[in-house]
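Novice: Test case, fold it:
(one chain, ligands or ions: 1)
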Amino acid sequence: MKTLVIGEIVNDELSSGTLEIISKIKVLNLDFSVITVGNADVTNIGSDSFSNLYLKSSSNKLNLFNCANEIKKFINEKEIGLVLSNSSYIGRDIIAFLSVDYKTSPVSNVINFEIDNNEIKTINSINGGESEYITKLTSDINFILIRPKSFDQTEVTLNDNFETIDVAENEYSLDVFDVHIEEKTGPQLEDSKIVISAGRGMVEASNLKLIEDLASKLNAAIGGTRAIVDAGWMPYSNQVGQTGKTVKPDVYIACGISGATQHQVGMKDSKYIIAINKDEEAPIFQISDLGIVGDTLSVIPKLIENL
Ligand SMILES: Cc1cc2nc3c(=O)[nH]c(=O)nc-3n(C[C@H](O)[C@H](O)[C@H](O)COP(=O)(O)OP(=O)(O)OC[C@H]3O[C@@H](n4cnc5c(N)ncnc54)[C@H](O)[C@@H]3O)c2cc1C
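Specialist: Predicted coordinates for the structure are as follows:
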């Protein structure tokens, strides 16, 4: 089945979500191409093993309607049967334009898919990860939005072997008046091998200093639950869970987190989970490899001291 991946640029590189989808497609041995959408000047998004067409818009325009039209031309010309994209803002917008044009329902937030004899089956995780449902796709052209971190990212060698099209602007392009780039310091949640997350069991915002000290000892990224994000202890960009980020580090340390299903769904696939909670019945212990029943405010300083 001829497949198209809609790629995205993050920090002037192909996004990790794009590379995760490419890794999965390589395992399935599908005949695929990539069309990447962005506005950055990039040099290293091409490959000798697949074609990548870069649809470049001007940085002061939101031009996804016109990008979708370019993608449509490619789909028709190459007789694409499957279009895959990340469940990101750009991916969702473009797939929305395309699926309306092709009168096909996209399947979103997919965590896995298989293709057997041209039949596509997608798997979705629901009820905070407690259940899964399978969808069979039978259209001539099928659109799937993949949830980040669903697939392991394997090594993909990238080079400058790609073509660029400057996407025209018209009355459908929106003006971008301001761009806020969040200041990022230290290891990033999505990429870090160790993530330390805080919950309401850190008792008060000032105690997050302990999490920062532990994170700096372990070169870890910092996350948090929605409860503390809602309380204003941490920005939303640090939230892990159903309505936040999905992380899959080698080690996830949950500090004072009850382990609600909405939190678990964003971290349960971490390789090794350590939880510190004073309540031995806390649900987080059910998915932990190592559980410490104790007060975060005394356990974490001891950990820091001994590292
Ligand atoms: C639609 C929807 C989407 C949601 N999305 C998300 C999401 O993306 N991410 C997310 O995290 N949540 C999400 N939630 C909220 C989720 O249901 C929980 O309310 C939230 O995860 C709880 O956060 P918490 O573990 O910090 O707080 P609590 O549930 O209050 O747990 C605090 C824990 O700390 C322990 N504790 C207290 N004091 C100490 C101490 N001194 N030492 C050690 N342990 C201590 C307690 O025993 C308790 O287990 C969502 C909810 C809904 C309805």
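Novice: Tell me which residues are up against stretch 266-282.
Specialist: The contact list for stretch 266-282 (Cβ atoms under 8 Å, 6 or more residues apart in numbering) reads 129, 149, 195, 197, 201, 223, 240-242, 244-259, 284-285, 287-296, 299-300. From N, CA and C alone the C-beta is placed, and that goes for glycine too.
Novice: Could you list which of those residues also contact the ligand?
Specialist: Checked against the ligand using Cβ under 6 Å from any ligand atom, these yield the following neighbours: 201, 240-242, 244, 256-258, 295-296.
Novice: Specify which member of the residues you listed is nearest to N63.
Specialist: The shortest distance between N63 and any of these, using Cβ to Cβ, involves G244 and amounts to 28.2 Å.
Novice: helix, strand or coil for the nearest residue to that closest one once chain neighbours are set aside?
Specialist: Excluding its sequence neighbours, the residue lying closest to G244 (Cβ to Cβ, 6 or more residues apart in numbering) is G266, at 5.9 Å. For G266, the secondary structure call by DSSP: H, G, I helix; E, B strand; the rest coil comes out as coil.
Novice: Show me just the buried residues among the contacts of stretch 266-282.
Specialist: Taking 16 or more other Cβ atoms under 10 Å as the criterion, what is buried in these is 129, 149, 195, 197, 201, 223, 240-242, 244-249, 251-259, 284-285, 287-288, 291-292, 296, 299-300.
Novice: among those residues, which are in helices?
Specialist: In helices, judged by DSSP state H, the following of these are found: 296, 299-300.
Novice: From the ligand, how far off is the closest residue to I141 other than its chain neighbours?
Specialist: Beyond its immediate neighbours in the sequence, the residue positioned closest to I141 (Cβ to Cβ, 6+ apart) is Y102, lying 5.2 Å away. Distance from Y102 to the ligand, counting by Cβ to the nearest ligand atom, to the nearest Å: 31 Å.
Novice: S131 too?
Specialist: Between S131 and the ligand the distance is 16 Å, computed by Cβ to the nearest ligand atom.
Novice: For that residue, grab the count of nearby residues.
Specialist: For S131, the neighbour count with other Cβ atoms under 10 Å is 9.
Novice: ditto for L14
Specialist: Here the number of neighbours of L14 (other Cβ under 10 Å) works out to 25.
Novice: so what's it bridging to?
Specialist: I9 (DSSP bridges).
Novice: which residues does it contact?
Specialist: 7-8, 36, 45, 156, 158.
Novice: hang on, V83 is in a helix, isn't it?
Specialist: No. Residue state for V83 (three-state DSSP) corresponds to strand; a helix is not indicated.
Novice: how far away is it from the ligand?
Specialist: 27 Å.
Novice: Kindly report the same for S105.
Specialist: In this structure, S105 and the ligand are separated by 23 Å, where distance is defined by Cβ to the nearest ligand atom.
Novice: on that earlier part again, can you go through the contacts of L14 and name the buried ones?
Specialist: Buried members of those, counted by 16+ other Cβ under 10 Å: 7-8, 36, 45, 158.
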